[in-house]
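Novice: quick one: sequence plus predicted model below, questions after.
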Amino acid sequence: MPAWFSALSPGTLLVAIAATGGVVALLLLIGAVRLMRDWQFRKGSVYLVGAVLVATLGVIGGMLAASLHTYSRLTHEEEAARVVLRALGPQRYELLLVRVGSPSQRYELQGDEWQIDARVMKWGAMGNLIGLDTVYRFERLAGRYANHDQERKGPRTVHALSHDGALDFWQLLKKYHDYMPLADAMYGSAAYVPMADGAQYVVSVSTTGLLIRPLNDAAKKAVGGWK
């Protein structure tokens, strides 16, 4: 397989398929108009139906590409984000999330720990054959309480880190997995660590899920004294 082909992302492949479908649909439409202009209505109708079908498939491919564009490729363990915490009060923190390739964002969390969730998709034999890599997408950021009673009764802070479009590739694969054997494994991964004033963490992603490591002394002290 050419190296340039295996380097393409799943979204890029779907865009290419959608673009090819658009060109084919246009050619079929032109053929249908010419045939009907020559009074060959039956043959022209076949071309017209074919153009509609191919165009529809192209639109679906484009929508799936847009959905996959929200995922990041993963070939090995890699840094996906950094986190900086600032105390606002008792069990209240401001979390600065700096994601690779995205603008930094600030969130307010309540609790003793912060948790980040992600979706991970590993491709099956067919996906591997065309060079597709594991992809992931952050889904949610939340505060947690160390005390179980507080976790049940205390105020919760949960923030969405992604938004599904009109057509979600994850939901499509999950619903029609038996008919679309592209994904070998689809699973959610979550990791959480203590919050502390001035603590800095790095979030890494591997094919086995999320990892969080402390970056400075404040974070190391928080993790070292975690109960």
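Specialist: Perfect, thanks for sending it. If you're wondering where the values come from, they're calculated on a predicted model, not measured in any experiment.
Novice: low-scoring pLDDT stretches of the chain, where are they?
Specialist: Using pLDDT under 70 as the threshold, the predicted model of the chain has low-confidence ranges 1-29, 31-44, 46-52, 54-76, 123-134, 164-186, 227.
Novice: hmm, try it at 50
Specialist: By pLDDT under 50, the low-scoring segments of the chain are 1-8, 70, 128-130, 179.
Novice: show me what contacts the residue lying closest to residue 151 once chain neighbours are set aside?
Specialist: Using C-beta to C-beta, 6 or more residues apart in numbering and skipping the chain neighbours, the partner closest in space to residue 151 is residue 145 (4.3 Å). To be clear about C-beta, it is placed using only N, CA and C from the backbone, and glycine gets the same treatment. Applying C-beta atoms under 8 Å, 6 or more residues apart in numbering, one finds that residue 145 lies in contact with 91, 111-113, 151, 154.
Novice: gap between residue 145 and residue 222?
Specialist: Going from residue 145 to residue 222 by C-beta to C-beta, to the nearest Å gives 15 Å.
Novice: chain neighbours aside, what residue packs nearest to residue 109?
Specialist: For residue 109, ignoring the flanking residues on the chain, the nearest one in space by C-beta to C-beta, 6+ apart is residue 143 at 3.6 Å.
Novice: quick one: contacts for the one you found?
Specialist: Going by C-beta under 8 Å, 6+ apart, the list of residues near residue 143 reads 93, 109-111, 113-115, 156-158, 195.
Novice: picking up where we left off before, and the residue nearest to residue 151, how far is that from residue 218?
Specialist: When distance is defined by C-beta to C-beta, residue 145 is 20 Å away from residue 218.
Novice: check residue 115 too.
Specialist: According to C-beta to C-beta, residue 115 stands 19 Å off from residue 218.
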